[in-house]
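Visitor: 3D model of this:
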Amino acid sequence: MKSAMQEVIKYGVIADKELFYLVKQERLRVLAGDAELLAKIIFRCCSIKAGVVSRDEHEKGERRILNFGHTVGHALEAVTNYRRFKHGEAVGYGMIAAANIAKQINILTSKEAEEIENVVESYGILPKIKDLNVDLVLQAMQQDKKSLAGQLIFVLPEQIGRVIIEEAVPVPLIYQVLQKLLSR
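Guide: From the prediction side, this is the model:
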């Protein structure tokens with residue numbers, strides 16, 4: 001449940017501010033398994049995904065927003081041989097990284113970056129990552145199928161509920177954000 005909620009948080013950040021604040025405010029009910037609330041949340045997530053996919057069936061544009069948190073998340077999974085993280089946990093770290101990149105390039109406020117991080121962390125303790133090597137994580141990111149000729153593509157929040165696709169994030173900034181992330 002806790003891992004799956006990271007994907008729910010993703011949907012709130014990329015397209016539904018109300019969903020984000022619902023899962024923030026109703027965390028205890030969610031974690032207790034409130035069936036009515038969970039049905040409402042699942043319906044909203046499915047509606048968002050169906051809408052995005054129907055508008056971009058071949059993943060040429062808008063559909064890429066579904067990869068929010070996955071650039072770093074997939075790299076963390078790869079460098080740990082898919083054994084340390086549940087997928088949602090890796091995506092949770094990826095969302096924190098993306099929010100911090102967005103903050104550093106001044107497209108997201110510090111307050112909202114912190115809010116994303118706090119909500120991600122409120123759904124469970126993420127596995128420790130202090131022992132991971134920044135260079136290996138960056139290398140895994142550059143080898144990911146979603147990178148474009150080694151160019152890293154990030155989905156970055158402009159605000160909670162709206163994201164952009166950024167293809168020109170400077171590698172030194174990515175490195176700096178990864179260093180901070182991996183020091184946790």
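Visitor: For the closest residue to L152 other than its chain neighbours, the count of nearby residues, please.
Guide: Leaving aside its sequence neighbours, L152 sits nearest to M141 (Cβ to Cβ, 6 or more residues apart in numbering; 5.6 Å). All C-beta spots, glycine's among them, are computed from the backbone N, C-alpha and C. Using other Cβ atoms under 10 Å, M141 has 27 neighbouring residues.
Visitor: How about L138?
Guide: L138, neighbours per other Cβ under 10 Å, totals 18.
Visitor: Quick check: it touching V171?
Guide: Yes - counting by Cβ atoms under 8 Å, L138 does reach V171; the two are 7.4 Å apart.
Visitor: longest helix of this protein?
Guide: Ordering each helix of the chain by length in residues (DSSP state H) puts helix 35-55 first.
Visitor: which other residues reach it?
Guide: If you take Cβ atoms under 8 Å, 6 or more residues apart in numbering as the criterion, helix 35-55 is touched by 7-8, 11, 14-16, 19, 22-23, 26, 29-30, 62-63, 65-66.
Visitor: are any of those residues buried, and which?
Guide: 7-8, 11, 14-16, 19, 22-23, 26, 30, 63, 65-66 (16 or more other Cβ atoms under 10 Å).
Visitor: Among those, find the lowest-pLDDT one for me.
Guide: Within those, R63 has the lowest pLDDT, namely 93.
Visitor: ok, now which ones touch the spatially closest residue to it that is not a sequence neighbour?
Guide: Computed as Cβ to Cβ, 6+ apart, the closest residue to R63 that is not its neighbour in sequence is D56, at 3.8 Å. Contact analysis of D56 by Cβ under 8 Å, 6+ apart lists 62-64.
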